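>>> quick one, what's the 3D model for this:
(2 chains)
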There are 2 protein chains.
Amino acid sequence: MAAVKLLGAWLSPYNCRVICALKLKGIAYEYMEEDLLNKSPLLLQYNPVHKKIPVLVHGGRSICESAVILRYIDETWPENPLLPADPYERAVALFWIKFADDTTSSIAMMYLTTVEEQEKATKECSDMLETIEEHGLIEGKKFFRGDEINMVDIAFCSVAHWVGVIEEVTGLKAFEPHKFPKLNSWILNFKSVPVIKESLPDTETMLDFFKGRREMVLASKSS
Amino acid sequence: MAAVKLLGAWLSPYNCRVICALKLKGIAYEYMEEDLLNKSPLLLQYNPVHKKIPVLVHGGRSICESAVILRYIDETWPENPLLPADPYERAVALFWIKFADDTTSSIAMMYLTTVEEQEKATKECSDMLETIEEHGLIEGKKFFRGDEINMVDIAFCSVAHWVGVIEEVTGLKAFEPHKFPKLNSWILNFKSVPVIKESLPDTETMLDFFKGRREMVLASKSS
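Purely as a prediction, here's the structure:
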């Protein structure tokens, strides 16, 4: 068995967070794609509470919840630290990672729900982006709080890569580059990091998948 | 200005988490009670994103989100550590703290909503307690994962002290001691720690307050 194993699903931004961290740290790992409609006994065994991906398995022991996995990776392989050393700066980073955790679901809600719920989700997603623009990003810095890519950037991979795809699939608009100039620059900076570029799922594959799923959802609602 | 200041509200389990941690660490602090119906300019300034208590102010800088504050306290005042030193055990602790964060709201939902929503919230709360009983607590250990009080115990102060009060106010039942023997022992152990005992709000005061509020909610629904 590989020392480090990741049980994941390619379409999940939470999974993508873990892949980004493993690649930024240069950690070799075995990737196991889960079928979310038919979860493996291994997933149920390793994450009995939530039965969700991603799960990192290290030396036979499992770590669940992507934000917890990111911390574990950073503490276990301290080279290329993903969090600032200063406790206050670290607290600020953890605040934004929690913010990402608490708001990311609005992105998926934009495409799974009824028109009314979609409008609500689009508003929530747009509010989230506005908060990042206003309070999260610092003018003139390439990444969150600084010029080095870090754990907060990774935590917001959904904003960088999923929002645009869901907008295209649904025809909804949460992100407007001219209203969010700092966020727009951040997305460009984040996506131009080679390790990140190769960790994000392919846009065309995502579009195909999410369009197909959307049609299924709409079909099931109209019947 | 005191070096450490806490903006809080006595009725909040999130606030209680921070008080427990400060007292366990023996840190002197100035406490400022917030009127949640008329928030102070200081709160809005220190937590512009969420405008919520608790906020810890240390050396003039603010830290928000109770779970983040707990980490900050533990890292800034390392004596009497609240998290295990081993990265894997720390990840397990952080998993349960996130679980507490994600499920605590079901307790408050039990008393604020309509009958249908109350039933749903009671079921959610009961499921949360069952998960803690089944996966969180270890037979024969006084506290979460061990015999020393730690950050996970503090994160679950809502389970130890708020569930019973909300049950009494609403007449609903989520916690049944005979179904959750490990949890029942844990609550007794947790509440018998002197520092915890003095950090939890007085039960009679809570009952008075939550009963009064419940009557207001019911009155506003029936009109």
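>>> distance between the ends of stretch A:166-178?
This stretch, stretch A:166-178, spans 19 Å end to end (C-alpha to C-alpha, to the nearest Å).
>>> and that stretch, how far from the chain's centre?
Here stretch A:166-178 shows a centroid-to-chain-centroid distance of 17 Å under the convention C-alpha atoms, centre = their mean, to the nearest Å.
>>> who touches the helix or strand encompassing residue A:205?
According to DSSP states H and E, residue A:205 maps onto helix A:203-222. Helix A:203-222 is contacted from outside by A:10-11, A:111-112, A:114, A:161-162, A:164-166, A:168-170, using C-beta atoms under 8 Å, 6 or more residues apart in numbering or on different chains. Bear in mind the C-beta positions are built from the backbone N, C-alpha and C, glycine included.
>>> buried ones in that helix, by neighbour count?
Along helix A:203-222, these residues count as buried under the neighbour rule (16 or more other C-beta atoms under 10 Å in any protein chain shown): A:206, A:209-210.
>>> turn those residues into CSV, columns for pLDDT.
Listed next are the buried residues of helix A:203-222 as CSV, based on pLDDT from 0 to 100:
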residue, pLDDT
A:206, 96
A:209, 94
A:210, 92
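>>> output the helix holding residue A:205 as CSV, restricted to C-alpha atoms.
In CSV, the C-alpha atoms belonging to helix A:203-222 read as follows (Å, rounded to 0.1, in the frame of the first residue of the first chain):
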residue,chain,number,x,y,z
THR,A,203,-12.8,23.0,-17.9
GLU,A,204,-14.3,21.3,-20.9
THR,A,205,-14.7,18.0,-19.0
MET,A,206,-16.3,20.0,-16.2
LEU,A,207,-18.7,21.7,-18.5
ASP,A,208,-19.7,18.4,-20.1
PHE,A,209,-20.3,16.8,-16.8
PHE,A,210,-22.1,19.7,-15.1
LYS,A,211,-24.3,20.3,-18.2
GLY,A,212,-25.3,16.6,-18.3
ARG,A,213,-26.1,16.6,-14.6
ARG,A,214,-28.1,19.8,-14.9
GLU,A,215,-30.2,18.3,-17.6
MET,A,216,-30.9,15.3,-15.4
VAL,A,217,-31.9,17.5,-12.5
LEU,A,218,-34.2,19.6,-14.7
ALA,A,219,-35.7,16.5,-16.3
SER,A,220,-36.5,15.0,-12.9
LYS,A,221,-38.2,18.3,-11.8
SER,A,222,-40.4,18.5,-14.8
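>>> ok, residue A:28 touching residue A:5?
No: in this structure, residue A:28 is not within contact of residue A:5 by C-beta atoms under 8 Å, at 10.7 Å.
>>> higher neighbour count, the two?
residue A:5 (20 against 8; other C-beta atoms under 10 Å in any protein chain shown).
>>> which strand or helix spans that one?
Here residue A:5 sits within strand A:4-8, counting by DSSP H and E.
>>> before we move on, what about residue A:62?
Residue A:62 belongs to strand A:61-64, assigned by DSSP H and E.
>>> what mean pLDDT does that strand have?
For strand A:61-64, the mean pLDDT works out to 98.
>>> and the strand holding residue A:5, what does it pack onto?
Secondary-structure packing of strand A:4-8 (3 or more C-beta pairs under 8 Å, 6 or more residues apart in numbering or on different chains; DSSP states H and E): helix A:13-25, strand A:30-33, helix A:41-46, strand A:55-58.
>>> let me know the angle separating the first one from strand A:4-8.
In this structure, helix A:13-25 runs at an angle of 150 degrees to strand A:4-8, with axes from the mean of the first three to the mean of the last three C-alpha atoms, to 10 degrees as the basis.
>>> now helix A:13-25 - C-alpha only, PDB.
What follows is helix A:13-25 as a C-alpha-only set of coordinates in PDB (Å, rounded to 0.1, in the frame of the first residue of the first chain):
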ATOM      1  CA  PRO A  13     -13.400  21.500  -5.200                       C
ATOM      2  CA  TYR A  14     -12.700  20.000  -1.700                       C
ATOM      3  CA  ASN A  15     -10.800  17.200  -3.400                       C
ATOM      4  CA  CYS A  16      -9.000  19.700  -5.500                       C
ATOM      5  CA  ARG A  17      -7.800  21.500  -2.400                       C
ATOM      6  CA  VAL A  18      -6.000  18.400  -1.200                       C
ATOM      7  CA  ILE A  19      -4.500  17.700  -4.600                       C
ATOM      8  CA  CYS A  20      -3.100  21.300  -4.700                       C
ATOM      9  CA  ALA A  21      -1.600  20.900  -1.200                       C
ATOM     10  CA  LEU A  22       0.000  17.500  -2.000                       C
ATOM     11  CA  LYS A  23       1.500  18.800  -5.200                       C
ATOM     12  CA  LEU A  24       2.700  22.100  -3.700                       C
ATOM     13  CA  LYS A  25       4.500  20.000  -1.000                       C
END
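>>> report whether stretch A:11-21 contacts chain B.
No: residues of stretch A:11-21 are not located near chain B by C-beta under 8 Å from any C-beta of the partner chain, the shortest gap being 12.4 Å.
>>> which parts of chain A belong to which domain?
Domain segmentation of chain A under automatic domain parsing yields A:4-76, A:87-222.
>>> ok now the longest one, how far from the chain's centre?
Right, the one you point to is domain A:87-222. Domain A:87-222 sits 8 Å away from the centroid of its parent chain (C-alpha atoms, centre = their mean).
>>> just put the domains of chain A in TSV and tack on distance to residue B:83.
Converted to TSV, the domains of chain A look like this (distance: least, C-beta to C-beta, whole Å):
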stretch	distance to residue B:83
domain A:4-76	11
domain A:87-222	13
